[in-house]
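In: any chance you can model this:
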Amino acid sequence: MGLENALLIVFVTLALPFALLRIEGKKWRRELYLDRKPDWTLTGLRSLKLLGAIFIATLVGGAVLEELGLLDTHKVIEIIRGSGVPLLLLTVTLVPIAEELFFRAYLQKRVGVLFASLLFAAMHYGYGSSAEIVAAFTASVLIGLEMRKNRDVAACIVAHAAYNLSSIILVFSGLA
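Out: Numbers count the residues shown, from 1 in each chain. Purely as a prediction, here's the structure:
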């Protein structure tokens, strides 16, 4: 995917919760959990715990896909390696913000963790990888449960960004 297309998708995803809340006549700061000052120590701890859970779940999911002969992470690795620096920066900055505000803070309240996670995974279909879809779904469920429990959108954004950054580092270090 080119940078222009990625930027368009990110900005539409970012604008959606604000536009929909305006139509609904609701206050976006409160509805998107942006009305409270985060406790950054607690947010950091929640993010680390969530990141660890996502990594463990991703490893388990990868092992299951490997056993089934469906592990195709090479497709995602090729896409990451073929992406330029601007697209990779977008992946660890604006993408997590847009996706967490839309999928967790806005959509999940209306359709639940499972359906929001299914839609989140479907958005990752563009990678053409069953491993990516399983990983996106699993991460989304875990992030969604964290959001439901603590309503800390900042922790969800930080964990999502850290996961994306970690994936990029693993690919370019040759460990993936």
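In: residues in contact with G128?
Out: The contact partners of G128, by Cβ atoms under 8 Å, 6 or more residues apart in numbering, come to K75. Where C-beta positions appear, they are placed from N, C-alpha and C, glycine not excepted.
In: R148 reaches V113, doesn't it?
Out: Yes: between R148 and V113 there is a contact under Cβ atoms under 8 Å: 6.2 Å.
In: tell me what the longest helix anywhere in the chain is packed against?
Out: For the chain, the helix with the greatest residue count under DSSP state H is helix 40-68. Counting contacts by 3 or more Cβ pairs under 8 Å, 6 or more residues apart in numbering; DSSP states H and E, helix 40-68 packs against helix 130-150, helix 153-173.
In: next structured bit after it?
Out: Next helix or strand after helix 40-68 toward the C-terminus (DSSP states H and E): helix 73-82.
In: angle of that following helix against helix 40-68?
Out: Per axes from the mean of the first three to the mean of the last three Cα atoms, to 10 degrees, the angle that helix 73-82 makes with helix 40-68 is 130 degrees.
In: and A116, what does it touch?
Out: Contact partners of A116, counting by Cβ under 8 Å, 6+ apart, are 103-104, 107-108, 140, 144.
In: nearest to S117, of those?
Out: Nearest to S117 among the contacts of A116 is S140, at 3.8 Å by Cβ to Cβ.
In: I'd say the closest one and A121 touch.
Out: Yes: counting by Cβ under 8 Å, S140 does reach A121; the two are 6.4 Å apart.
In: more neighbours: which of these two?
Out: S140 (27 against 19; other Cβ atoms under 10 Å).
In: confidence score at that one?
Out: pLDDT for S140: 98.
In: R148 and V113: who's more crowded?
Out: A direct count of neighbours by other Cβ under 10 Å for R148 and V113 places V113 higher, at 19 against 13.
In: residue furthest from the geometric center of this protein?
Out: The outermost residue of the chain, judged against the average C-alpha position, is G25 (26.9 Å), by Cα atoms, centre = their mean.
In: distance-wise, check it relative to E31.
Out: Distance, G25 to E31, by Cβ to Cβ, to the nearest Å: 11 Å.
In: where are the low-confidence patches of the protein?
Out: Low-confidence segments of the chain (pLDDT under 70): none present.
In: nearest to I80, out of the helices and strands packed on helix 40-68?
Out: helix 153-173 (4.5 Å).
In: hey, C-alpha coordinates of the closest one in PDB?
Out: Taking Å, rounded to 0.1, in the frame of the first residue of the first chain, the C-alpha atoms of helix 153-173 are listed here in PDB:
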ATOM      1  CA  VAL A 153      -7.300   4.500  25.800                       C
ATOM      2  CA  ALA A 154      -3.800   5.800  26.200                       C
ATOM      3  CA  ALA A 155      -2.600   2.400  27.500                       C
ATOM      4  CA  CYS A 156      -4.200   0.800  24.500                       C
ATOM      5  CA  ILE A 157      -2.600   3.200  22.000                       C
ATOM      6  CA  VAL A 158       0.800   2.800  23.600                       C
ATOM      7  CA  ALA A 159       0.600  -1.000  23.600                       C
ATOM      8  CA  HIS A 160      -0.600  -1.000  20.000                       C
ATOM      9  CA  ALA A 161       2.300   1.300  18.900                       C
ATOM     10  CA  ALA A 162       4.800  -0.700  20.900                       C
ATOM     11  CA  TYR A 163       3.600  -3.900  19.200                       C
ATOM     12  CA  ASN A 164       3.800  -2.400  15.800                       C
ATOM     13  CA  LEU A 165       7.300  -1.000  16.500                       C
ATOM     14  CA  SER A 166       8.500  -4.300  17.900                       C
ATOM     15  CA  SER A 167       7.200  -6.100  14.800                       C
ATOM     16  CA  ILE A 168       9.200  -3.700  12.600                       C
ATOM     17  CA  ILE A 169      12.300  -4.100  14.700                       C
ATOM     18  CA  LEU A 170      12.000  -7.900  14.600                       C
ATOM     19  CA  VAL A 171      11.700  -7.900  10.800                       C
ATOM     20  CA  PHE A 172      14.700  -5.600  10.100                       C
ATOM     21  CA  SER A 173      16.800  -7.400  12.700                       C
END
